[in-house]
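K.L.:
Sequence and predicted structure are below.
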Amino acid sequence: MRKLIIWLVLLMMPLAAWADEPVWTIVDEDGTRLTQICYEPEAGDEYISGDDRLYEIIRTQEGVAVAKDKGNIDLPDVSWLNADAALPVVALGDKLIALYCTHSDESYEPSDGKYSDEERGSIYQVADALAEALEENGAETEVSDALHHPHDAGAYRRSRQTAVQLLKAMPDALLDIHRDGIPDPDEYATTIGGKDCSKVRLLVGRGNQNMDVNKEFALKIKAVADKVYPGLIKDIYMGKGTYNQDLAPHSVLLECGTYTLSKERVLASMPMMSDVIYRTMYGGVTGSAGTSDVRGTGTRMNDAARDDEEPAAESSSGMGSGILWIVGIAVAAFIIFAIVSTGSIKDGMRKAGRNLSEMTGGLIGKKPKDGEDHNHS
């Protein structure tokens, strides 16, 4: 009998490795329950509740994390959504968003009959639905179907290779699509615009150099969602890990429902989530969805951002102007060197023009005439 018990325990261990994820309850200093999370918190982690209050984890013990209330926070200004005109945003270049699923087993028990699927979880259906809605809104998407089994501590290491491959296409945003492992479906179940759907939790890794910009990205997503689809974004958690977000800015993890919620409710949220992400990144909807009514409680509003608040994909415009300054300084230095080396302003300008033309394929400077010595100093 003892051997039989041991054999049964060993047989069940693989199932436990999938299903026995730690569930922690977050409470404030008075013991009031705030939420649950399905990863081990650490002192210093931050949590932004649905009503925009900031909490900091100050201690953890036996499945409970105590958080200090640090007061209300101000979300980014998205008042540009209220403008009257409905003009499409003219994007610079292609609009590309990449998606992948680190925990490739994740499924929805009420719909799939299982907590996880070792072959391929239905989380990929959620990622595909979000991508399809993004494309209807006017963005291009790249969804990786790579698997990263098993669901263990090495999953992020394996999915990192997937993220690196996706980033070769230089997407504007990188989204890691998950479903939560907390048991209470009411944590996520909601109704928006008369539709039964699911909330979405945003997770930002605080252990990387992109934490600040990714946090701002998550805050802007919540600000847009609160305006257009109130209640869609459940909350934001900033955990101790990196979640591969050190690879790129505008990278965030999306917890799309939990395993005790039906997949259909989660899928119903993806067009709304797509609308929010598209607006956050680009300011408006220009695809087929742009001519229809909004799917939630809000109104499809202006697609153009004000000067003091830009979509995330355009918020790096300062970087572009900075690059132009650097190029300008470099060209000036190049001309000065040419003048000094020739001893003549006229000859120096001519030399600089020839060399710059050669270096830039004729984009800058005067092309040398046929037979002119390119190496003449």
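P.N.:
Nice, thanks for sending it over.

K.L.:
For the chain, just list every one of the helices.
P.N.:
If you assign secondary structure with DSSP state H, the helices in the chain sit at 2-19, 109-112, 123-137, 155-167, 211-228, 263-282, 317-342, 345-360.

K.L.:
Select from those helices the stretch with the lowest mean pLDDT.
P.N.:
Here these differ in mean pLDDT, and the lowest is helix 2-19 at a mean of 36.

K.L.:
In the sheet, which residues pair with Val27? Tell me.
P.N.:
Listed beta-bridge partners, Val27: Arg33, Val66 (assigned using DSSP bridges).

K.L.:
okay but it is in contact with Ala67, surely?
P.N.:
Yes - under the criterion of Cβ atoms under 8 Å, Val27 makes contact with Ala67 at 7.0 Å. Bear in mind the C-beta positions are built from the backbone N, C-alpha and C, glycine included.

K.L.:
Report the set of residues contacting both of those two.
P.N.:
Residues within reach of Val27 and of Ala67 at once, by Cβ atoms under 8 Å, 6 or more residues apart in numbering, are Leu34.

K.L.:
who's in contact with stretch 181-194?
P.N.:
Looking at what lies outside stretch 181-194 - Cβ under 8 Å, 6+ apart - the contacts are 21, 23, 35-38, 180, 196-199, 201, 229-232, 234, 257-261, 265, 269, 272, 294-297.

K.L.:
try 6 Å this time
P.N.:
Surrounding stretch 181-194, the residues in contact under the criterion Cβ atoms under 6 Å, 6 or more residues apart in numbering are 21, 23, 36, 38, 198-199, 229, 231, 257-261, 296-297.

K.L.:
can you pull the buried residues of that stretch?
P.N.:
Gly181, Ile182, Pro185, Glu187, Tyr188, Ala189, Thr190, Ile192 (16 or more other Cβ atoms under 10 Å).

K.L.:
Report pLDDT for the residue nearest to Arg53 when sequence neighbours are not counted.
P.N.:
Of all residues beyond its chain neighbours, the one nearest Arg53 is Asn72 (5.7 Å), with distances taken as Cβ to Cβ, 6 or more residues apart in numbering. Predicted confidence (pLDDT) for Asn72: 98.

K.L.:
Among the buried residues of stretch 181-194, which pair sits farthest apart?
P.N.:
Taking Cβ to Cβ as the measure, the buried residues of stretch 181-194 span a maximum distance of 23.3 Å, between Gly181 and Ile192.
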